[in-house]
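In: this one's sequence-less:
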Ligand code: AHG
Ligand code: MN
Ligand code: MN
């Protein structure tokens, strides 16, 4: 009989931390608290379609409470699961313009959490996969309330990053700089179980993922690259297949497992594209690189970009090493 170890997310994090001398366990606690928030979000996401038949009228539910939009709810759940734990000094959410302070009555910790509570939220009503993205840094300021400075650090300073896909099953994928590991939620026991150990992205894929509706506004380098992918050439598996879900996290997850490239370039209307550096670009770049892939903004590693603003946008080209390198060449030649 094939023997597979059954490893929960919590056990995996604890073992991982043990192998780092001097670790205090704070870090395991942060990821464990976060996984609780994620299970709550998953519960709400999985009954999203039921809201209307379970008695809600308009925006009020049976208790007369306002029914929160799922992205607002997810945002709230993460904040409330993390604000009182004593591990964080500040948070930042894609849903809020400003940094999120820890309430005055709670202790302030050493870490900074940035998150996109619900990615791909325009897809919810069509029952298409959506996700949650997170990114963790050590604080820069010595103590007290964390500041904007703690939140806008370059991506290479991340100490952990991960995402969840609420799909045909719910998966959590994370890295702490020791490879990329994937866990699948077993809903009957409410545990994330290790299902994809040490994920490696294929060196080259045969799928590209981009919103081609923006073609008209792209730079010529991007246009030529996409045309190149559509040409026929058997040895390099061209033409590639096009796949675009419109939930970055789902498109990126497929890219991680199957290989290929996901891109959201800048264009003449939006020079830096649409995706946000701190909430989407950096965590995805960290995971891609840890899985043996690449992540660039067109001319440099996304992880090397020095951010100036919390909600700064960045062009994104991520995926298999060879695919991103070929794309980079087209961008350079213009
Ligand atoms: P969010 O739902 O967090 O605002 O992010 C939406 C993003 C991302 O998930 C996706 O890749 C992209 O928007 C799709 O944008 P287009 O509709 O412009 O392709
Ligand atoms: Mn998003
Ligand atoms: Mn979002």
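Out: Great, that's in hand. Predicted model, so just to flag it, every value in this text is computed and none were measured. Ligands and ions are numbered 1, 2, ... in the order given.
In: how far is the strand or helix carrying residue 36 from where the chain is centred?
Out: Using DSSP states H and E, residue 36 maps to helix 26-46. Offset of helix 26-46 from its chain centre (CA atoms, centre = their mean, to the nearest Å): 14 Å.
In: buried stuff in it?
Out: Neighbour-count burial for helix 26-46 flags 27-31, 33-35, 37-42, 44-45 (criterion: 16 or more other CB atoms under 10 Å). Where C-beta positions appear, they are placed from N, C-alpha and C, glycine not excepted.
In: touching that helix from outside, list them.
Out: 9-10, 13-14, 17, 70, 73-74, 77-78, 80-82, 85, 87-88, 109-111, 113, 117-118, 124, 130, 132, 134, 136, 159-160, 162, 164, 166, 170, 172, 174, 176, 185, 190, 192 (CB atoms under 8 Å, 6 or more residues apart in numbering).
In: any of those residues buried? List them.
Out: For the contacts of helix 26-46, buried by 16+ other CB under 10 Å: 9-10, 13-14, 17, 70, 73-74, 77-78, 81-82, 85, 87-88, 109-111, 113, 117-118, 124, 130, 132, 134, 136, 159-160, 162, 164, 166, 170, 172, 174, 176, 185, 192.
In: how is this protein divided into domains?
Out: For the chain, automatic domain parsing gives the domain ranges 9-196, 207-333.
In: ok, now how distant is the residue of the stretch 101-250 of the chain found nearest ligand 2 from residue 275?
Out: Proximity to ligand 2, evaluated over the stretch 101-250 of the chain using CB to the ion, is greatest for residue 119 at 3.5 Å. Distance from residue 119 to residue 275, counting by CB to CB, to the nearest Å: 10 Å.
In: name the residues of the stretch 51-200 of the chain found near ligand 2, please.
Out: 116, 119 (CB under 5 Å from the ion).
In: helices along the chain, start to end?
Out: 9-18, 26-46, 70-82, 148-151, 220-230, 248-258, 282-290, 321-333 (DSSP state H).
In: that older thread, just grab the bridge partners of the residue of the stretch 101-250 of the chain closest to ligand 2 for me.
Out: Using DSSP bridges, the beta-bridge partners of residue 119 come out as residue 131.
In: ok, it - contacts?
Out: Counted by CB under 8 Å, 6+ apart, residue 119 has contacts 130-133, 163, 247-249, 280.
In: mind running it again at 7 Å?
Out: Going by CB atoms under 7 Å, 6 or more residues apart in numbering, residue 119 touches 130-133, 247-249.
In: where along the stretch 151-300 of the chain do the strands fall?
Out: 160-166, 170-175, 180-186, 191-196, 207-209, 241-242, 261-264, 294-296 (DSSP state E, counting those that start in this stretch).
In: so for the third one, what gets flagged as buried?
Out: Judged by neighbour count (16+ other CB under 10 Å), strand 180-186 contains these buried residues: 180-185.
In: these also near ligand 1: which ones?
Out: With the criterion set as CB under 6 Å from any ligand atom, no member of these is near ligand 1.
In: nearest to residue 217, of the residues you listed?
Out: Distance to residue 217 across these (CB to CB) is lowest for residue 180, with 33.0 Å.
In: how much space separates the closest one from ligand 3?
Out: 22 Å (CB to the ion, to the nearest Å).
In: so that residue sits against residue 293, correct?
Out: No: counting by CB atoms under 7 Å, residue 180 sits too far from residue 293 to count as a contact (9.6 Å).
In: coming back round to it: residue 222: which of the buried residues of helix 26-46 is nearest?
Out: Among those, and counting by CB to CB, the member closest to residue 222 is residue 45, at 33.0 Å.
In: how about the most centrally placed residue in the chain, what does it touch?
Out: For the chain, the residue nearest the mean C-alpha position is residue 133 (3.3 Å; CA atoms, centre = their mean). Residues in contact with residue 133, defined by CB under 7 Å, 6+ apart, are 115-116, 119, 163, 249, 279-280, 283.
In: so residue 294 makes contact with residue 317?
Out: No: applying CB under 7 Å, one finds residue 294 not in contact with residue 317, separated by 8.0 Å.
In: give the residues shared as contacts by the two.
Out: Common neighbours of residue 294 and residue 317 (CB under 7 Å, 6+ apart) are residue 324.
In: count of residues packed around the residue in the stretch 201-334 of the chain positioned nearest to ligand 3?
Out: Scanning the stretch 201-334 of the chain for proximity to ligand 3 using CB to the ion identifies residue 279 as nearest, at 7.4 Å. Using other CB atoms under 10 Å, residue 279 has 24 other residues around it.
In: same thing with residue 196?
Out: 14.
In: what sits against it?
Out: Each residue near residue 196 by CB under 7 Å, 6+ apart is listed here: 181-182.
In: what about it, distance to residue 165?
Out: Taking CB to CB, one finds residue 196 at 12 Å from residue 165.
In: need the overlap of contacts for these two.
Out: With CB under 7 Å, 6+ apart as the test, residue 196 and residue 165 reach no residue in common.
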